[in-house]
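1. no sequence for this one, just the structure:
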């Protein structure tokens, strides 16, 4: 501790130690009327910069010297952000700029006399009544809740053409990036109508993620709600 | 416009951030034995050899003090022949950036042969901030050091 005291710059007046950062002590620092807390005060921030007036530690400098000698990694162009989520056993992704909210799972109220596989009911999102769709039903993945699931189910709210669509998913993995050049066509086993919903596949770690085609989704979901 | 503010001795200077490639800590440099005093040395910057100029030594004839805040500002300078080179500028107390209105810079009001390098000044509450451009620092030093006429590399 004694050593630490010595290394401190004697020219810094540690005024905040005597008056208190909130200025509850008397007499109160005049500057606090304006800045409220010491962290907003230029005296405090100038003293903070005093940290940089020390002699440079040798290890830190040699670390930097090694880091700077390494060639710069080239940035991969055309990387896009997607939100990756799971429906039953399959991983899907949607462009992150379409995502509006990841909501907790909430009750879906069935619409009487509705037998649609795609519209599962109505749901309360932020105090507004929204139709709740079943993306699993649309894609023919199978019911998300048909068997016990280890994931953490969520409701995704996405925006397509100024309209919000809500659907439940089994699990949200998070934000990921893929390079457009790394996109591969969907496997041949995915045929027919389902194929139009997929833009392609990309691999993320061990799993294969299918990128959804928002235009096809929009076209199909809008037809239902109308 | 955003400026990097730093000190040379007691005076305050500013360098436009669009001139700056990167700011790195003042790492230990490889000394060049026969070079002028203001050439602080060389270092390996991503596989290239980049010379570092001690700006304080060049302009004030006083070596920079080695502190954490003494940093190397990497800038690109253009040789008269048109080739670019990355140059490191060793400056003291490069700890903050400030937004200054370019139009509020005024002429220094004095022009001496020694002060050729110094640009317009910005008056503020604490005094004056002098604007530096990498190009004038480069022109102030011996050009043949950086671009030997016979040996272009």
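-> That came through, no problem. Quantities reported herein were computed from a predicted structural model and do not represent experimental measurements.
2. So for stretch A:14-25, what gets flagged as buried?
-> A:16, A:19, A:23 (16 or more other Cβ atoms under 10 Å in any protein chain shown). Quick note: C-beta positions are derived from backbone N, CA and C, even for glycine.
3. er, stretch A:85-97 actually
-> Buried, per 16+ other Cβ under 10 Å, within stretch A:85-97: A:85-88, A:90-94.
4. ditto for stretch A:130-146
-> Buried, per 16+ other Cβ under 10 Å, within stretch A:130-146: A:130-139, A:141, A:144.
5. Just those residues: which are in strands?
-> Using DSSP state E, the subset of these located in strands is A:130-133.
6. any idea which of these is closest to residue A:107?
-> Lowest distance from residue A:107 to those (Cβ to Cβ) belongs to residue A:132, with 9.8 Å.
7. what residues are up against the closest one?
-> A:108, A:119-123, A:155, A:166-168 (Cβ atoms under 8 Å, 6 or more residues apart in numbering or on different chains).
8. packing partners for the strand or helix carrying residue A:66?
-> Here residue A:66 sits within helix A:58-69, counting by DSSP states H and E. Where contact means 3 or more Cβ pairs under 8 Å, 6 or more residues apart in numbering or on different chains; DSSP states H and E, helix A:58-69 is packed against strand B:20-25, strand B:39-45.
9. Can you convert those into a markdown table and add a column each for mean neighbour count?
-> Formatted as a markdown table, these follow (neighbours: other Cβ atoms under 10 Å in any protein chain shown):
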| stretch | mean neighbour count |
| --- | --- |
| strand B:20-25 | 17 |
| strand B:39-45 | 20 |
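10. got a list of what the nearest residue to residue A:97 once chain neighbours are set aside touches?
-> Distance criterion Cβ to Cβ, 6 or more residues apart in numbering or on different chains; nearest residue to residue A:97, sequence neighbours excluded, is residue A:81 at 7.6 Å. Residue A:81 makes contact with A:95-97, A:175-177, according to Cβ under 8 Å, 6+ apart.
11. Report the beta-bridge partners for residue 129.
-> The chain I'm using is chain A. residue A:124 (DSSP bridges).
12. wrong one, chain B
-> According to DSSP bridges, beta-bridge pairing links residue B:129 with residue B:12, residue B:122.
13. Determine the number of other residues adjacent to it.
-> By the criterion of other Cβ atoms under 10 Å in any protein chain shown, residue B:129 has 21 neighbours.
14. sec struct for residue A:48, please.
-> helix (DSSP: H, G, I helix; E, B strand; the rest coil).
15. returning to what we had before: which of the buried residues of stretch A:85-97 fall in strands?
-> A:85-87, A:90-94.
16. out of the residues you listed, which touch chain B?
-> Among those, no residue lies close to chain B (Cβ under 8 Å from any Cβ of the partner chain).
17. With pLDDT as new columns, can the residues you listed be given to me in TSV?
-> Putting these into TSV (pLDDT from 0 to 100) gives the following:
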residue	pLDDT
A:85	93
A:86	90
A:87	87
A:90	87
A:91	91
A:92	93
A:93	94
A:94	94
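18. Would you point out the most distant pair within those?
-> A:90 and A:94 (13.6 Å).
19. so what sits against both of these two?
-> By Cβ under 8 Å, 6+ apart, no residue touches both residue A:90 and residue A:94.
20. Specify the residue ranges that define each domain of chain A.
-> Using automatic domain parsing, the domain parsing of chain A gives A:15-68, A:79-222.
21. and the end-to-end length of the shortest one?
-> From the first residue to the last, domain A:15-68 extends over 39 Å; the measure is Cα to Cα, to the nearest Å.
22. cool, and the longest one?
-> Its first and final residues considered, domain A:79-222 spans 29 Å by Cα to Cα.
23. just how off-centre is it within its chain?
-> A distance of 16 Å separates the centroid of the chain from that of domain A:79-222, by Cα atoms, centre = their mean, to the nearest Å.
24. If you count neighbours, what's buried in whichever strand or helix holds residue B:93?
-> According to DSSP H and E, residue B:93 maps onto strand B:84-99. For strand B:84-99, a neighbour-count test (16+ other Cβ under 10 Å) marks B:86-95 as buried.
25. now residue B:83: how far from chain A?
-> 21 Å (Cβ to the nearest Cβ, to the nearest Å).
26. Near that residue, how many other residues are there?
-> Neighbours of residue B:83 (other Cβ under 10 Å): 11.
27. Now do the contacts for the residue in chain A that chain B sits nearest to.
-> As assessed by Cβ to the nearest Cβ, chain B sits closest to residue A:52 within chain A, at 3.6 Å. Residues near residue A:52 by Cβ under 8 Å, 6+ apart: B:67-69, B:93, B:95.
28. beta partners of the spatially most central residue of chain B?
-> Compute the mean C-alpha point of chain B, and by Cα atoms, centre = their mean the closest residue is residue B:89, 4.2 Å away. Judged by DSSP bridges, the bridge partners of residue B:89 are residue B:53, residue B:73.
29. who's in contact with the nearest residue in space to residue B:134 that is not next to it in sequence?
-> With Cβ to Cβ, 6+ apart as the criterion, residue B:134 has its nearest non-adjacent residue at 3.8 Å, and that residue is residue B:75. Counting by Cβ under 8 Å, 6+ apart, residue B:75 touches B:15, B:19-21, B:86-89, B:134.
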